[in-house]
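> Just a sequence and a predicted model for now, questions to come.
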Number of protein chains: 2
Amino acid sequence: MNLALIQDTDIVSRSSDASGDVLLASLTGRQHEHIVNIQKLGPGRELQVGLINGNMGRATISAQDESSTHIEVCLTLAPPKPNPITLVLALPRPLMLKRVLQTATSLGVKDIHLIHSNKVEKSYWQSPQLNDEELHEQLLLGLEQGVDTVLPHIHKHQRFRPFAEDILPGLVDGKKAFVAHPSPDADTAQCQQEECYLAIGPEGGFTEYEVEKLQDAGMQPLSLGPRILRVETAVPVLLAKLS
Amino acid sequence: MNLALIQDTDIVSRSSDASGDVLLASLTGRQHEHIVNIQKLGPGRELQVGLINGNMGRATISAQDESSTHIEVCLTLAPPKPNPITLVLALPRPLMLKRVLQTATSLGVKDIHLIHSNKVEKSYWQSPQLNDEELHEQLLLGLEQGVDTVLPHIHKHQRFRPFAEDILPGLVDGKKAFVAHPSPDADTAQCQQEECYLAIGPEGGFTEYEVEKLQDAGMQPLSLGPRILRVETAVPVLLAKLS
């Protein structure tokens, strides 16, 4: 936890001065435990905090009891610039989904479309990992890791064809868009800070039919080279290569 | 397992013809289980194989019993080009070490120096994950994932200063070398297919003293931007950025 994220419900009182928002807040649960047991911080000590979807800054611990850490917060810093790349991701298996969401969030991605694909097991869509609460938890962990406050949006598309035919063309219209797929060219593709779309298939890859559909929607194939990468490796590698 | 790796001890007989090595081999244990239970392949079916530190090719299953899959192998393809980047990695905690070794191996890295650093817990060096057998297992999994046969070399340096003062300068002499550390410049560094060194610190980063020592040895700071990444994310991101 490189940043303690404050939710609206943690705020006890709120005021503004010339230097920014001043808050009194109370951290409980996992964050309180982390501050006490891992960071070993008590009254008088400072920590880095951020308001979810708001500014970041320093907090001073004013008091602590068994279940909560009370902090005085001054929020003066804007969160870092968002990653301009939107991920379109064949739904990974539940355990990998957790890691991939954390990774993508820590790298500043703000929109993630989880889509179905031929090689995605249908049962994955019933996983408790896809509940809004579970997803939210992974996004928080990613923001706390990457030192950011702006929650990504997760969009779920449980049917491939309606997504590829009816939704994707409107999303990528006029923007750069790539699908990770073996291809002789497009190896030096870059997004250059522009809004851009990147689709990554499941373990085993998109089918030829799916790649065709994604190309019809405006995506160009982008080669990863001769090596086959796990999805959790392909995501950071391609985000880094494109930006 | 995108590639079944054949060890010398798996080989039953060996001959050569104009098209390359022809082997009869017998796969057991984890590989046999994977072929039977996951890939569901039986006699007459083909799979992609490689000889450890040798060529890759196709194998045909000639017979199968409860504990082994017998294959006829023709090895005609060279493994992919190695990644020219040597990793210098502050020893991660044991569970993360496994993932990082698999990831770096799947990305073609062939030399990994595990070093001590102020923020590395001394107990990590006693972890069973550091046994040669355990390390070998992770490297095999990385090669099977990335479709490669050439085993990386792991070098362990349990004391920071002798490594930074006596060993590192000789290694990086005349080559590009970077240490991941906040810095205003060097953001567009590239290895451009040359042999190159990259040092990545522990969670919490290298100390200023350590960064100084690494710079003395010939490494330039390389910024990751405003976000703090887990080691397992920083490794693929920096390997992708540099190559």
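Noted; the coordinates are in hand. Bear in mind the structure is a predicted one, so any value in this text is a computation, not a measurement. Numbers count the residues shown, from 1 in each chain, chains lettered A, B, ... in the order given.
> give me the low-pLDDT residue ranges for chain A?
Residue ranges of chain A with pLDDT under 70: A:19-20, A:184-188.
> By residue count, tell me the biggest helix in it.
In chain A, assigned by DSSP state H, the helix with the most residues is helix A:132-146.
> Mind listing the strands the helix or strand following that one pairs with, and their directions?
For helix A:132-146, the following helix or strand on the C-terminal side (DSSP states H and E) is strand A:153-157. Using DSSP bridges, strand A:153-157 pairs in its sheet with strand A:111-115 (parallel).
> Okay, angle between the partner strand and helix A:132-146 too, please.
If you take axes from the mean of the first three to the mean of the last three C-alpha atoms, to 10 degrees, strand A:111-115 sits at 140 degrees to helix A:132-146.
> Just the CA atoms of strand A:111-115, as PDB, please.
Written as PDB, here are the backbone C-alpha positions of strand A:111-115 (Å, rounded to 0.1, in the frame of the first residue of the first chain):
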ATOM      1  CA  ASP A 111     -11.200   1.500 -19.100                       C
ATOM      2  CA  ILE A 112     -11.200  -2.300 -19.300                       C
ATOM      3  CA  HIS A 113     -13.600  -4.200 -21.500                       C
ATOM      4  CA  LEU A 114     -13.900  -7.900 -20.400                       C
ATOM      5  CA  ILE A 115     -15.200  -9.900 -23.400                       C
END
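> Which residue comes closest to the spatially most central residue of chain A once chain neighbours are left out?
Central residue of chain A (C-alpha atoms, centre = their mean): A:Thr105, 2.4 Å from the mean position. Leaving aside its sequence neighbours, A:Thr105 sits nearest to A:Gly142 (C-beta to C-beta, 6 or more residues apart in numbering or on different chains; 2.5 Å). The C-beta positions use only the backbone N, C-alpha and C, and glycine is treated the same way.
> what's the answer for A:Thr149, then?
A:Gly50 (3.9 Å).
> Confirm that that neighbour sits in a helix.
No: counting by DSSP: H, G, I helix; E, B strand; the rest coil, A:Gly50 is located in no helix; its state is strand.
> And for it, the neighbour number?
24 (other C-beta atoms under 10 Å in any protein chain shown).
> now it, which residues is it bridged with?
A:Leu5, A:Met56.
> give me phi/psi at A:Thr103?
Main-chain dihedrals, A:Thr103, degrees, to the nearest 10: phi -60, psi -50.
> excluding its backbone neighbours, what's nearest it?
B:Thr233 (5.2 Å).
> and if you look at A:Leu130?
Nearest in space to A:Leu130, with sequence neighbours left out and distances taken as C-beta to C-beta, 6+ apart, is A:Lys156 at 7.0 Å.
> Please name the residues that touch that neighbour.
Taking C-beta atoms under 8 Å, 6 or more residues apart in numbering or on different chains, we find A:Lys156 in contact with A:His113, A:Leu114, A:Trp125, A:Leu130.
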